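# One predicted model, sequence on top.
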Amino acid sequence: MFTATLIAAEGQGVGDLDLVSVLLAEQGCISSNPAEWQTPVWIDEGYAIDFAFDQNPAAAREVLEGELGPIDVIVQPAANRRKKLLVADMDSTMITVECIDELADYAGIKDRIAAVTEAAMRGELDFAEALDARVALLKDLEASAIDRCRAERVRLMPGAKALIRTMKAHGARTVLVSGGFTVFAEPVAAEIGFDVAIANRLGIAGDRLDGLVAKPIVDAATKRITIEAERMALGLEVSETLAVGDGANDIPMIQAAGLGVAYHAKPKTAAAAGARVDHGDLTALLWAQGYKRSEWVTD
């Protein structure tokens, strides 16, 4: 059995529900025998609804994403829907900015560094080499700029707290793994409620950045290794895991998860992921797991 969850964009409805059933039937996703499970079930009326079907999930995803307009569609097996492990990216996923770009603004070189960040996130540059090159450009920036940047620029992504705190309240382990820096990731993880944060360490000499980042660098391979190691340590099946990110360096961990989600992602990442959230915020991942709003933990 499979579930297609339709999640409305802000201020939008989920559209023509009869059309969804027709599309699923036309794609051969529903067996010919009528069954009670074929009746759509609202998670939260007007916001998120589940359609059950029993075959051809790839066809279901393709037709629903292509025909239903500005809504998010998550297609997945019905079993193990509520995940017991979440591994998440930080920059542009759990927070709204790329920290290295904002830090570069205090050095007066944001445009120069942001262009490299964008190329790296699109998968056009080697991540580790691009990180070393960008950090080198920050050499001699006053270390106090880190605290200023964190206070003035770093903002949590809408839905981040609800996602992590709700999953934790239901027994899941949550891990933040970032190709960014511990000076941002650790406070962000603590504020949101993650169990642990993994990120790179910026070199600081005295009161200034020394232009170096500690090795080994947290990169795409690290992210994949992290989700696999955490899963095995918990004794979980792949289907019990969730990963979310936006950049090309998130692809290996997204593909290693039972539900791998590209969140407002770069094209390469969106194409590689098993699910996409293009319109809603991170609470879409709660609806994808079948959590009603009455179950969300927001404090």
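Sure thing, it's come through.

# What segments of the stretch 101-250 of the chain are helices?
Ranges of helices in the stretch 101-250 of the chain, per DSSP state H, counting those that start in this stretch, are 110-121, 127-137, 144-152, 160-169, 182-192, 220-234.

# out of those, which comes closest to Val175?
When these are compared by CB to CB, helix 220-234 sits nearest Val175, at 5.8 Å. Bear in mind the C-beta positions are built from the backbone N, C-alpha and C, glycine included.

# which residues sit against the closest one?
The contact list for helix 220-234 (CB atoms under 8 Å, 6 or more residues apart in numbering) reads 84-85, 87, 89, 127, 173, 175, 177, 179, 198, 216, 238, 240-241, 243, 245, 248-253, 255-257.

# Select only the buried ones of those in ChimeraX?
Restricted to buried positions by 16 or more other CB atoms under 10 Å, the ChimeraX selection for those reads:
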select :84,85,87,89,127,173,175,177,179,198,240,241,243,245,248,249,250,251,252,253,256,257
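
# all strands for the stretch 151-299 of the chain, in order.
173-181, 196-200, 202-205, 208-213, 241-245, 259-263, 275-277 (DSSP state E, counting those that start in this stretch).

# For Gln12, find the nearest of these.
Taking these one by one with CB to CB, strand 275-277 is closest: 14.2 Å.

# Just put the helices of the stretch 101-250 of the chain in JSON lines and tack on distance to Ala79 and mean pLDDT.
Listed next are the helices of the stretch 101-250 of the chain as JSON lines, based on distance: least, CB to CB, whole Å; pLDDT from 0 to 100:
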{"stretch": "helix 110-121", "distance to Ala79": "33", "mean pLDDT": "92"}
{"stretch": "helix 127-137", "distance to Ala79": "34", "mean pLDDT": "93"}
{"stretch": "helix 144-152", "distance to Ala79": "41", "mean pLDDT": "96"}
{"stretch": "helix 160-169", "distance to Ala79": "18", "mean pLDDT": "98"}
{"stretch": "helix 182-192", "distance to Ala79": "28", "mean pLDDT": "98"}
{"stretch": "helix 220-234", "distance to Ala79": "16", "mean pLDDT": "98"}
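
# for the protein, which spans come out with low pLDDT?
Where the chain drops to pLDDT under 70, the residues are 11, 32-34, 36-37.

# Tell me the bridge partners for the most centrally placed residue in it.
In the chain, the residue lying closest to the centroid (CA atoms, centre = their mean) is Val244, at 2.4 Å. Note on Val244: beta-bridge partners by DSSP bridges are Ala88, Val261.

# show me the contacts for it.
86-89, 93, 250, 254, 260-263, 282, 285.

# repeat that for 7 Å
By CB atoms under 7 Å, 6 or more residues apart in numbering, the contact set of Val244 is 88-89, 93, 261, 263, 285.

# Between all of those residues, which two are separated the most?
Maximum distance among the contacts of Val244 (CB to CB): 12.8 Å, for Asp89 and Leu285.

# Please tell me how far His38 sits from Gln76.
Residue 38: Gln, not His. 17 Å (CB to CB, to the nearest Å).

# neighbour-wise, which of these two wins?
Gln76 (21 against 16; other CB atoms under 10 Å).
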